[in-house]
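Novice: Here's a sequence, model it:
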Amino acid sequence: DASGAWRTERARIPVVVGRTGLAWGVGVAPDGAGEPAKHEGDGKAPAGVFPLATAFGFAPSAAAVGTRLPYLRLVETTECVDDTASAHYNAIVDRARVPRVDWTSSERMRRIDLYRLGVVVDYNATPPAAGRGSCIFLHVWRGPRSSTAGCTAMAEPALAELVRWLDPARRPALVQLTDAAYARRRAAWGLP
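Specialist: Residues are numbered from 1 along each chain as shown. Got it, this is the predicted structure:
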């Protein structure tokens, strides 16, 4: 229940974010006044509140990873388009099934080992604003001292547990904020 109190479900999970930190993103919460805005290629993970709706990975099925979320099996032609001029900007598509490839830049997801398991963060999604950032995921990290290009990453066992725990009926969301944004919103949002 979104209006209920926060409660701890398990111990904290260490994560890493964008190599240059966080910037306010396009999500459920309105833009952060006076805070830096996320944009394509800035190396920042989005700050704000974002739905988590789809799991993905190399496994053949949702049952194979134990998720209740809709599941997208990544194949060789699965791409996430980050070309701001494309009609498919910020969308995961199957290159083999698109009538016309209109992009020059994308992430070929099956070729990225860190995407062997992940969750799509519905960031800048409906409709996507060109240039505000794309292809944001929860995914496997390279280690606790690593960073990402703009995603949020964690150890594979923690991610696997999270993927199994997420329940689409409860409308899961990622809430991530800078320390300053957290302090300003803690009371109003009832944050722990």
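Novice: where exactly do the strands run in the chain?
Specialist: For the chain, the strands defined by DSSP state E occupy 22-24, 45-57, 71-73, 78-81, 92-94, 106-108, 117-121, 137-140, 152-154, 173-176.
Novice: Just send the ones you listed back as a markdown table, with mean neighbour count and mean pLDDT too.
Specialist: No exception for glycine: its C-beta is placed from N, CA and C like everyone else's. Converted to a markdown table, those look like this (neighbours: other C-beta atoms under 10 Å; pLDDT from 0 to 100):
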| stretch | mean neighbour count | mean pLDDT |
| --- | --- | --- |
| strand 22-24 | 22 | 93 |
| strand 45-57 | 23 | 95 |
| strand 71-73 | 17 | 98 |
| strand 78-81 | 24 | 98 |
| strand 92-94 | 16 | 98 |
| strand 106-108 | 18 | 98 |
| strand 117-121 | 24 | 98 |
| strand 137-140 | 23 | 98 |
| strand 152-154 | 22 | 98 |
| strand 173-176 | 18 | 93 |
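Novice: Can you get me a residue count around S86?
Specialist: Neighbour count for S86, taken as other C-beta atoms under 10 Å: 20.
Novice: what's the spacing between it and V49?
Specialist: Per C-beta to C-beta, to the nearest Å, S86 is found 26 Å from V49.
Novice: excluding its backbone neighbours, what's nearest A125?
Specialist: In space, and not counting its chain neighbours, A125 is closest to N90: 6.8 Å by C-beta to C-beta, 6 or more residues apart in numbering.
Novice: Might you report the residue contacts of the one you found?
Specialist: The neighbours of N90, taking C-beta atoms under 8 Å, 6 or more residues apart in numbering as the test, are 80-82, 123-125, 128, 133-135.
Novice: confidence score at it?
Specialist: pLDDT, N90: 97.
Novice: T67 versus that one, what's the distance?
Specialist: Distance, N90 to T67, by C-beta to C-beta: 22 Å.
Novice: likewise G34?
Specialist: Per C-beta to C-beta, G34 is found 38 Å from T67.
Novice: Does E35 touch A47 like I think?
Specialist: Yes: in this structure, E35 is within contact of A47 by C-beta atoms under 8 Å, at 7.2 Å.
Novice: shared neighbours, those two?
Specialist: Common neighbours of E35 and A47, counting by C-beta under 8 Å, 6+ apart, are 23-24, 178, 181.
Novice: List the residues that contact L52.
Specialist: Shown in contact with L52 (C-beta under 8 Å, 6+ apart): 69, 119-122, 138, 166, 172-174.
Novice: measure stretch 76-83 end to end?
Specialist: Stretch 76-83 has its terminal residues 19 Å apart, counting by C-alpha to C-alpha, to the nearest Å.
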